[in-house]
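Student: Only the shape, not the letters, is given here:
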């Protein structure tokens, strides 16, 4: 799930990935308390986002809608559930799973999910519901991104800790395979 790690949520540059556990399924700590009201529930558009493969190279550019739901779980403690749905367009080179190569211009869809725990001061600078912004990251094949992107300052300041407890990413091509990348590792690949 390096793509989502490096690419975005509301916590660019502040993510700390936890130690892998033996189980391959999410645990209770890997979810948010959806039985209480959300603090905010928004969507954010993202385009030209570098998609990082298992070995860390950029294999595609992504365009996606990010659905962010946040619950307060304690004094200055919050749980984020972030879902991603979008499309990707490949660069020529090593495939995302590293088992072969991929041609330039292949396209497909993806879905991702990330659970984050954040400690900080709630200080919203954007609306608490609806579609709040669109960002063009302007990323290149080398991973350089010069455009604006979502940041923690949209809703929290200061932030003292961010911990990613669960992440999964599933990319699919109609004829070239499926690649799964999760907290516990990767499987499959997209080649051709």
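Tutor: Happy to help now that I have it. The structure displayed is predicted, hence computed values, not measured ones.

Student: quick one, strands of the protein?
Tutor: Taking DSSP state E as the test, the strands found in the chain are 40-52, 58-74, 77-90, 93-94, 101-102, 107-122, 129-136, 156-173, 177-182, 185-190.

Student: Which strands border the second one, and is each parallel or antiparallel?
Tutor: The strands that strand 58-74 pairs with in its sheet are strand 40-52 (antiparallel), strand 77-90 (antiparallel) (by DSSP bridges).

Student: Number of residues surrounding the nearest residue to residue 168 once chain neighbours are set aside?
Tutor: Once flanking residues are discounted, residue 168 sits nearest to residue 182: 4.4 Å by CB to CB, 6 or more residues apart in numbering. (C-beta placed from N, C-alpha, C; glycine too.) Residues near residue 182, counting by other CB atoms under 10 Å, number 19.

Student: tell me which residues form a beta bridge with residue 182?
Tutor: Beta bridges link residue 182 to residue 168, residue 185, judged by DSSP bridges.

Student: And it, what's its pLDDT?
Tutor: The model reports residue 182 with a pLDDT of 92.

Student: repeat for the one 3 residues further on
Tutor: Looking at residue 185, its pLDDT stands at 90.

Student: ok, now how distant is residue 192 from residue 159?
Tutor: Counting by CB to CB, to the nearest Å, the separation of residue 192 from residue 159 is 42 Å.
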